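Colleague: The following block contains a protein sequence and its predicted model.
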Amino acid sequence: MLSPATHYQLIPRENTAHWRRRVIRRCRKDKLFRAGIMRMCKEDCIFWINTFAIQTNPKKRLKGPFVCWGFQIEAVRAILGAVDAQEDIRWQKSREMGASWLALLVLVWLCLFHWNVKGYALSRDEDAVDKVDESDSLFWKVNFIHEHLPRWMTGEIRKRKLSFFYVRTGSSLTGEANVPASGVGGRATIMLVDEFGQFKNGHETYSMTSDTADCRLFVGTHKDGPGSMFYSLCFDEKYAEMREVLTHWSQHPSKRKGLYRYDDSTNTVEILDKQFVYAPDFKFVMQPKPESGPFPCIRSPWYDKQCRRREQRDIAMNLDIDPRGAADKFFDSFKISVLKTKWTRDPSWVGKLIFDKEKGTPIRLVQDPVGPLSLWVLPTSEAKLPVMRAAAGMDVSAGTGASSSTLCIYNADTGEKVLEYAYALIYPAEFAAFVAAACRMIVDKDRVHPLLAWEIQGSQVIDKRMREIGYGPYYLQRDEAAAGRPVNLRGKAGYNASEPGIKALMERYRDGLFQEKCLNTSLKALDDCLNFVYTATGVEYRGSKKPKAVGEIGSGAKIHHGDIPRADALAWMMVEEIGLGRSIQKREDDWIDTTTFEGRRKLAEKREMEELVWA
């Protein structure tokens, strides 16, 4: 195994410079001691770095010893573990966390102390790999490392353009610019792919280098937001098992001083750095920012200062490790935050719907705290909801657990969401029967069920089952591109989910939310809106694969694709289709307080009227 030792623990943390001088001075005079140190360096990469490595920071015009912090030690162990196992590894990072230096130090260590190692470095262009007078160049850093090591340690190193050859070990380090055929011809022990988030041809690079090295280290920030291959490596379920290194600014000893967290639910601040003394006039930022990334709502005085002097996209990209913040958001996060505070609330009822899978009819509702069905109205019987004009939208998945099939229903009189369902392990034909059953729990005063819409792409099973079940009414396909002249097209069911169609659909939904006509009561659904971003051709969802905690209400989906917002958008389009009934202000007049005698009397009268409608 590579670097299994813990010799680095012998190095004092308080006076590392003095330790270094003593070791180097004695190595010059004592060959036996030098041999022992060389063996310790070979056995422990971290010992070698902390004792001999020098780095420079042109920004601060400083150079000095590279001494690994705790999170950097873990990063080195992870990289060497990947080399041992010959597996790929991804590295998401904030800027100025020493990632490039650390990765190069590991490559140099491998070449200095191990026989016949072939290291390979790939970056966005040739200058980024090897430029003599450019300190940001990878091989400028490698050359700097070499120059500050004793000659008895390095032996002869032959430098050529884009390569180093280590004569004593027969190892080599080669570099190349990112071009379509990068890395195709050679083979390597480990391949460093630096700034992978900036690669325009990232998917091609990933594919073409798969035979170059079994161990590839993909390092980067999310510069272009979601959609890049680096984003896929970090958030696509396919790569969920890939080894990972994460270095966030909050791990940096200087930047994390005064670390605190804002709690949106209680509007309070939690002090995480108990030893820090804040300035008397220090003002905590009382906002739920950063909104996403691995450490949402984590801040410090250093971070607050950066936010005052940098653009939000810069912060998301280079500090927060937030790909959706690095992209152009479709929904304004501040407005979504306002809507969450104003309209969202816990469901009135959570559970399951037992239904006839052949006929698509409801049988009974069963309460279950982790059920996939949430209601913001109370059932009036075993399988009935209050009488209302309603509209529904559904988003269909394959039912294999990758993403959820979802159903959302809105009260068209108030604009308020009353039902949300999300479940990943239900096949389309069964889901169609469920949707029909759920919609049949609702009628208006004319005994009409909710107007239902789904996307036409991939909906053949849904269309067929709805016709077999006999559910209606549902939305008929239109020429969505014919602005101002929507016409039915041969009676086909479903909405045209082309890129322009989806953009128009989501814009319509966003307008409804921001004008506070569409009242989305679901916190989860509004949170999911923040994952939608503009693209060159429209709008798409780019979210997270992270699973929910055990026991948390969830859909069972491995990765989310904006399923609930898409269903919300379709449902809202149907609300507008049948007409939003009453003004939002009247919603308050309809509120029934069941804690009072008068409220219970009104509720009894309302239910009696509803029974007459259902009869």
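Modeller: Noted; the coordinates are in hand.
Colleague: Just give me the neighbour total for the residue lying closest to residue 359 once chain neighbours are set aside.
Modeller: Spatial nearest neighbour of residue 359, excluding adjacent residues (C-beta to C-beta, 6 or more residues apart in numbering): residue 469 at 6.6 Å. (C-beta placed from N, C-alpha, C; glycine too.) For residue 469, the count of nearby residues is 20 (other C-beta atoms under 10 Å).
Colleague: so residue 453 is in which element?
Modeller: strand 451-454 (DSSP states H and E).
Colleague: following that strand, which helix or strand comes up?
Modeller: Scanning onward from strand 451-454 (DSSP H and E), the first element met is helix 460-469.
Colleague: for the strand holding residue 453, packing partners?
Modeller: strand 390-395, helix 563-578 (3 or more C-beta pairs under 8 Å, 6 or more residues apart in numbering; DSSP states H and E).
Colleague: I'd like to know the average pLDDT value across it.
Modeller: The pLDDT scores in strand 451-454 average 94.
Colleague: likewise stretch 398-407?
Modeller: 81.
Colleague: now stretch 358-369
Modeller: Per-residue pLDDT over stretch 358-369 has a mean of 95.
Colleague: Now that stretch: buried residues?
Modeller: The neighbour-count check on stretch 358-369 (16 or more other C-beta atoms under 10 Å) flags 360-362, 365 as buried.
Colleague: Same check on stretch 259-273?
Modeller: Buried, per 16+ other C-beta under 10 Å, within stretch 259-273: 259-260, 262, 264.
Colleague: next one: stretch 247-260
Modeller: Buried positions in stretch 247-260, judged by neighbour count with 16+ other C-beta under 10 Å: 247-252, 255-256, 258-260.
Colleague: So which of those residues is the closest to residue 113?
Modeller: Nearest to residue 113 among the buried residues of stretch 247-260 is residue 247, at 24.4 Å by C-beta to C-beta.
Colleague: Confirm for me that the closest one is in contact with residue 75.
Modeller: Yes - between residue 247 and residue 75 there is a contact at 6.4 Å, judged by C-beta atoms under 8 Å.
Colleague: hey, what's in contact with both of these two?
Modeller: Counting by C-beta atoms under 8 Å, 6 or more residues apart in numbering, the shared contacts of residue 247 and residue 75 are 91, 99.
Colleague: of the buried residues of stretch 259-273, closest to residue 420?
Modeller: residue 264 (21.2 Å).
Colleague: That closest one: what's it in contact with?
Modeller: Contact analysis of residue 264 by C-beta under 8 Å, 6+ apart lists 288, 297.
Colleague: What score does it have for pLDDT?
Modeller: 83.
Colleague: Spell out, range by range, the strands that occur in the stretch 451-600 of the chain.
Modeller: Taking DSSP state E, counting those that start in this stretch to define them, one finds strands in the stretch 451-600 of the chain at 451-454, 476-478, 488-493, 532-534, 539-541.
Colleague: pLDDT below threshold where in the stretch 201-350 of the chain?
Modeller: Low-confidence segments of the stretch 201-350 of the chain (pLDDT under 70): 224-227, 324, 326-328.
Colleague: Angles on the backbone of the spatially closest residue to residue 99 that is not a sequence neighbour, please.
Modeller: Nearest residue to residue 99 in three dimensions, chain neighbours excluded: residue 93, at 4.5 Å (C-beta to C-beta, 6+ apart). Main-chain torsions, residue 93, degrees, to the nearest 10: phi -150, psi 150.
Colleague: out of the helices and strands packed on strand 451-454, deepest packed?
Modeller: Ranked by mean neighbour count under mean count of other C-beta atoms under 10 Å, those are led by strand 390-395, which reaches a mean of 28.
Colleague: Determine the angle, from 0 to 180 degrees, between that strand and helix 460-469.
Modeller: Strand 390-395 runs at 140 degrees relative to helix 460-469, counting by axes from the mean of the first three to the mean of the last three C-alpha atoms, to 10 degrees.
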